[in-house]
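Q: Everything below, folded, please.
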Amino acid sequence: MAIRQMTALHSARQIAGAAGVVLWFVASHFGFAQEHSTDLADRELRLRARVTERPDDGSAWRVLGRYLLQQKRHSEALEVLQQAVALSPTSAAAHFDLGQTQQALGDSEFAAESFRTVIELAADSEYAQSAQHALTTLRSAAPPQDVVVPADYRIRRFDGSELADRIEPLGQPEAPWWKQRLSLNLHTGVLYNSNVALSPLSRELASQSSRSAQLFVEPDLLFAVFDEQSWRSGPTLRGHFTVNEGNLRQFNLQSYRPGWFVEYFLFRGEHSFVPRVAYEFTHDEFNGSTLGNRHALLSSVTAYWNGEQSSMLFWSIDTSNFLNDGILPTVTSQDGVTNALGVTHDVTLPFIHWRLIRGGVEVSHASTTGSDYTFNGVNVFAGAAFPLAAGLELSVTGGVGYRQYPDFEFTPSRDEIIWRGGAELRKYFTDHISGALVFNYDKFDSQNPLFASERYVSGVVVDYTY
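A: The predicted structure follows:
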């Protein structure tokens, strides 16, 4: 009996000791957190006391505003920093902190105005350099409310708008570092496609009937291995994968497009210039069988003229090699080199329900082994964005082009007019996820019935951006 009592007493002491350790650990950490919280509260009280004592001191208001900004109390920081700017209108630091706060609150127009003021006040300062990068972020980042980013699920658009989206440069986003370096977009959806026999290598629409419901997945990954103050570089990986109805499984597409890019950030006053060069290799398969390969060099210079307008000049050259050259390669082979040169211009509009308009022109030349596929071409294209309600936007696109086939030896001529139109109704659910109803139409209008063809695509797509 005594032994049992001693054992129970020993166990109770062990439990009490362990509980004491736990209580000490919790109390010490709670005390540390409480002490840290008290320090922050004391600091804020001191800063507010200074503002009370010196209400006309813009510097005191700025320091308090920066503290609130660091604590992510953006609404409070906005009021304080607006007072700081009113008292010290020539303070580049105050305007910069105000711009950061406005950017955090999603007020891009006022943020851009604040950053431009920083550059005007202190063009050679570190604040001005940081403001330049912030302006580039505002202009070239792609949140739903600022620019049109239609999902590239159509495989080929056959005009310069396709190339423009492929080489559009990234802005230089802010911390954290992994978000600076990594860009991931994932597009997926269900479509009805009247011409599924297409791949990124395709030079034209397929003339045979190939209609099918289609599930697609399109990842788009970029990682800036090198991310310096004025330039960045790293690998890219794009892909496009489709699954068609049973009788068209032969056109199930697997497209792999690894590459590498280099881009720079140049600043001239309030204007920003982003030259970019990228290499991209394309390998396309239909149902596991190789269709062909392509090596492409894509280059561009994008100019951000102000908060409302931007332009891009682009040039690309690629060489394609198709596995199947046809029954008579000198006539039917699509192997060869294609050059394209073009320009686009975007204008942001001040209207509630008409936000942006884009226009562009592209000229191209394909020199192929087969005489049927050598062409000279020109395209004009345009697009516009119409906000309908909060988080809901309608985008429309259209274009017309002409291709001349100088080496085509038969009659009637296969010269053709290319028509394209599309619409997208997109709903933004969060900063990262959106969904859209889409419809697109392409037509190759040739006098030669062997080459006349058309395609329409409609369905539902979901996009995730990281």
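
Q: Contact partners for Pro329?
A: Pro329 makes contacts with 335, 369-370, as judged by Cβ atoms under 8 Å, 6 or more residues apart in numbering. Where C-beta positions appear, they are placed from N, C-alpha and C, glycine not excepted.

Q: Where does the prediction get shaky in the stretch 1-150 of the chain?
A: 1-42, 136-150 (pLDDT under 70).

Q: the helices in it, which residues?
A: 2-53, 58-70, 74-87, 92-104, 108-121, 126-140 (DSSP state H, counting those that start in this stretch).

Q: list the buried ones in stretch 334-350?
A: Across stretch 334-350, burial judged by 16 or more other Cβ atoms under 10 Å covers 334-336, 338, 340-344, 346, 348.

Q: Could you export it as CSV, CA atoms only?
A: Extracted C-alpha coordinates of stretch 334-350, given in CSV (Å, rounded to 0.1, in the frame of the first residue of the first chain):
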residue,chain,number,x,y,z
GLN,A,334,5.8,23.2,-95.0
ASP,A,335,9.4,23.2,-93.8
GLY,A,336,11.0,26.7,-93.9
VAL,A,337,11.7,30.0,-92.3
THR,A,338,9.1,32.7,-91.4
ASN,A,339,9.8,36.3,-90.5
ALA,A,340,7.2,38.7,-88.9
LEU,A,341,7.5,42.4,-88.1
GLY,A,342,4.8,44.4,-86.4
VAL,A,343,3.7,47.1,-84.0
THR,A,344,0.9,47.4,-81.4
HIS,A,345,-0.4,50.4,-79.5
ASP,A,346,-2.6,50.4,-76.4
VAL,A,347,-4.6,53.4,-75.1
THR,A,348,-6.3,53.4,-71.7
LEU,A,349,-9.6,55.3,-71.8
PRO,A,350,-11.2,57.4,-69.0
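
Q: Would you quantify the distance from the closest residue to Ser75 other than its chain neighbours to Tyr279?
A: Spatial nearest neighbour of Ser75, chain neighbours left out: Leu105 (7.3 Å); criterion: Cβ to Cβ, 6 or more residues apart in numbering. According to Cβ to Cβ, to the nearest Å, Leu105 and Tyr279 sit 39 Å apart.

Q: And for Asn287?
A: Asn287 is 28 Å from Tyr279, by Cβ to Cβ.

Q: can you check Phe408 too?
A: To Tyr279, Phe408 is 32 Å away according to Cβ to Cβ.

Q: Pick out whichever of the two has more residues nearby.
A: Phe408 (19 against 14; other Cβ atoms under 10 Å).

Q: helix or strand for the more buried one, which one?
A: Assigned by DSSP states H and E, Phe408 falls within no helix or strand.

Q: Let's see the pLDDT reported for it.
A: pLDDT for Phe408: 89.

Q: how near is it to Leu450?
A: Applying Cβ to Cβ to Phe408 and Leu450 gives a distance of 11 Å.

Q: Touching both of these two, which residues are there?
A: Arg414.

Q: could you pull out the strands for the stretch 301-450 of the chain?
A: 309-322, 336-351, 354-368, 375-389, 392-404, 416-428, 433-446 (DSSP state E, counting those that start in this stretch).

Q: hmm, back to that, could you double-check that the residue nearest to Ser75 lies in contact with Leu78?
A: Yes: if you go by Cβ atoms under 8 Å, Leu105 and Leu78 touch, sitting 6.6 Å apart.

Q: For those two, work out which one has more neighbours and name it.
A: A count of neighbours by other Cβ under 10 Å puts Leu78 above the other of Leu105 and Leu78, at 20 against 14.

Q: Report the contact partners of the residue lying closest to the more buried one once chain neighbours are set aside.
A: Take Leu78 and drop its neighbours on the chain: the residue closest to it by Cβ to Cβ, 6+ apart is Thr101, 5.1 Å away. Contacts for Thr101 (Cβ under 8 Å, 6+ apart) come out as 65, 69, 74, 77-78, 81.

Q: just the buried members of those residues?
A: Buried among these (16+ other Cβ under 10 Å): 65, 69, 74, 77-78, 81.

Q: Nearest to Ile433 among the contacts of Pro329?
A: Asp335 (41.2 Å; Cβ to Cβ).

Q: Strand 309-322 and the helix or strand that contains Arg276, what's the angle between them?
A: Assigned by DSSP H and E, Arg276 falls within strand 271-286. Taking axes from the mean of the first three to the mean of the last three Cα atoms, to 10 degrees, one finds strand 271-286 and strand 309-322 inclined to each other by 30 degrees.

Q: Just list what strand 271-286 packs against, helices and strands only.
A: helix 126-140, strand 231-244, strand 253-264, strand 266-268, strand 289-304 (3 or more Cβ pairs under 8 Å, 6 or more residues apart in numbering; DSSP states H and E).

Q: Output these as JSON lines; include the columns mean neighbour count and distance to Gly189.
A: Converted to JSON lines, these look like this (neighbours: other Cβ atoms under 10 Å; distance: least, Cβ to Cβ, whole Å):
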{"stretch": "helix 126-140", "mean neighbour count": "21", "distance to Gly189": "26"}
{"stretch": "strand 231-244", "mean neighbour count": "18", "distance to Gly189": "11"}
{"stretch": "strand 253-264", "mean neighbour count": "18", "distance to Gly189": "14"}
{"stretch": "strand 266-268", "mean neighbour count": "14", "distance to Gly189": "38"}
{"stretch": "strand 289-304", "mean neighbour count": "18", "distance to Gly189": "23"}
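
Q: got the domain boundaries for the chain?
A: 58-140, 160-465 (automatic domain parsing).

Q: Would you tell me which one of these is buried the most?
A: domain 58-140 (a mean of 20; mean count of other Cβ atoms under 10 Å).

Q: Show the average pLDDT along stretch 314-326.
A: The model assigns stretch 314-326 a mean pLDDT of 91.

Q: Sorry, wrong one. I was asking about stretch 242-254.
A: Mean per-residue pLDDT for stretch 242-254: 88.
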